[in-house]
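*Asks:* Kindly generate the corresponding structure for this input.
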Amino acid sequence: QVQLVESGGGLVQAGGSLTLSCAASGGILRLNAMGWYRQAPGKQRELVATITRGGNTDYADSVKGRFTISRDNAKNTGYLQMNTLKPEDTAVYYCTADSSNRPPTRWTEWDYWGQGTQVTVSS
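*Replies:* Residues are numbered from 1 along each chain as shown. Below is the predicted model:
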């Protein structure tokens, strides 16, 4: 069974930076697409970014130019570098992965999820 563990969340001032990590273990040969979603209180879970095993990336418009998704296949780890953070980026950030190399279009279709890590951006 694949397990995803996020780390790197915390409290940061607006304009600051954070890097989230997602360590995968157990059945890692089946991981292809990886992604990050976030969910703010009272809001639906929304896509932040996705990356295929080969490194093709996609981003939500709200984070383009500020966030960078990456992965190290040798370390079975994914990353989300977040720069120029805004208060509206405050949310629980979830790492996700799928056995398909095509990132699912709906969050309910992803195979594996981490427990989430809180990111709070103060104004």
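
*Asks:* Contacts for the strand or helix carrying Gly35 next, please.
*Replies:* For Gly35, the host element (DSSP states H and E) is strand 34-39. Identification of contacts with strand 34-39 by CB atoms under 8 Å, 6 or more residues apart in numbering yields 20, 22, 45-51, 69, 71, 78, 80, 89, 91-98, 103, 107, 110, 116, 119. (C-beta placed from N, C-alpha, C; glycine too.)

*Asks:* Next, count neighbours for Pro87.
*Replies:* 11 (other CB atoms under 10 Å).

*Asks:* Could you check how far it is from Thr96?
*Replies:* The gap separating Pro87 from Thr96 is 24 Å, by CB to CB, to the nearest Å.

*Asks:* Once you drop chain neighbours, what's closest to Arg71?
*Replies:* The spatial neighbour of Arg71 that comes closest, neighbours along the chain excluded (CB to CB, 6 or more residues apart in numbering), is Gly78 at 4.5 Å.

*Asks:* now Gly9
*Replies:* Thr117 (3.4 Å).

*Asks:* now the spatially most central residue of the chain, which residues is it bridged with?
*Replies:* With distances taken as CA atoms, centre = their mean, Trp36 lies nearest the centre of the chain, 2.2 Å away. Bridge pairing for Trp36 (DSSP bridges) gives the partners Ala49, Cys95.

*Asks:* pLDDT at it, what is it?
*Replies:* On the pLDDT scale, Trp36 is placed at 98.

*Asks:* same deal with Arg30?
*Replies:* Per-residue pLDDT puts Arg30 at 65.

*Asks:* Ok, Gly15 next?
*Replies:* 98.

*Asks:* Phi, psi for Pro87 please.
*Replies:* Here is the backbone geometry of Pro87 (degrees, to the nearest 10): phi -60, psi -30.
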